[in-house]
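J.: no FASTA, just this:
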């Protein structure tokens, strides 16, 4: 009975994790593994390729496939919806739109995303509340040259992120985490003292090679971000 792809991948993974193949070890070639597991060479190739994409193997043309000396890990961070986060914690969610304008892209954003000089953006600012308490401040910019469909949807009743996640097939996300001191405007919106430390997330998003969105999110002190990797 031939070994199918999932069984083969599981067995190869077990040999790596279990130490049968040590870190840096050269794996048998595809022909030999296909004979051992009674499967097609293409099946072996697919299993090895996916394990390489997961960071367990390193493949080099003419040099063969080796177990990575330091397995590469991929951080799994789907773009979250704040409504789901708040309601998932058992709190009542409320959304408030603060600003929704279309204008030429500011210089700092053109530099940040390498936008064309004539780039136009839709700028959306909003607040999100949990049980009536300020939870997240959202400052979002859509590149209308790269994402013309962002020009028309209404964000009066629901957040721009909900539309973006459901409608835009984005491919790459770059995220940075930092702290920010609350000025008078942010202290008023988030209900903190002036000078209080805020947690800041900045997220740039691309669809292929095209930058489509930049978002800055601010949270009150005490917010906790979890991730899996």
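T.: Nice, thanks for sending it over. The shown structure was predicted, so the numbers you read here are calculated from the model rather than taken from an experiment. Residues are numbered from 1 along each chain as shown.
J.: neighbours around residue 148, how many?
T.: Using other Cβ atoms under 10 Å, residue 148 has 11 neighbouring residues. Every C-beta, even on glycine, is put in place using the N, C-alpha and C of the backbone.
J.: Next one: it from residue 49, what distance?
T.: Distance, residue 148 to residue 49, using Cβ to Cβ, to the nearest Å: 36 Å.
J.: Please apply the same query to residue 184.
T.: 54 Å.
J.: out of those two, which sits in the busier spot?
T.: Per other Cβ under 10 Å, whichever of residue 184 and residue 49 has more neighbours is residue 49, with 14 against 9.
J.: List the residues that contact that one.
T.: residue 59 (Cβ atoms under 8 Å, 6 or more residues apart in numbering).
J.: Which secondary structure state does it sit in?
T.: Under DSSP: H, G, I helix; E, B strand; the rest coil, residue 49 falls in the helix class.
J.: Report pLDDT for it.
T.: Per-residue confidence for residue 49 comes out at a pLDDT of 88.
J.: Let me see the backbone angles for the nearest residue to residue 172 once chain neighbours are set aside.
T.: Nearest non-adjacent residue to residue 172, counting by Cβ to Cβ, 6 or more residues apart in numbering: residue 206, 4.3 Å away. The phi/psi pair for residue 206 (degrees, to the nearest 10) reads phi -120, psi 150.
J.: got a list of what residue 206 touches?
T.: 170, 171, 172, 173, 212.
J.: Helices of this structure, residue ranges please.
T.: Assigned by DSSP state H, the chain shows helices spanning 5-17, 30-37, 41-53, 82-88, 107-113, 160-167, 184-190.
J.: For residue 96, which of these is the nearest?
T.: Residue 96 lies closest, by Cβ to Cβ, to one member of these: helix 184-190, at 9.7 Å.
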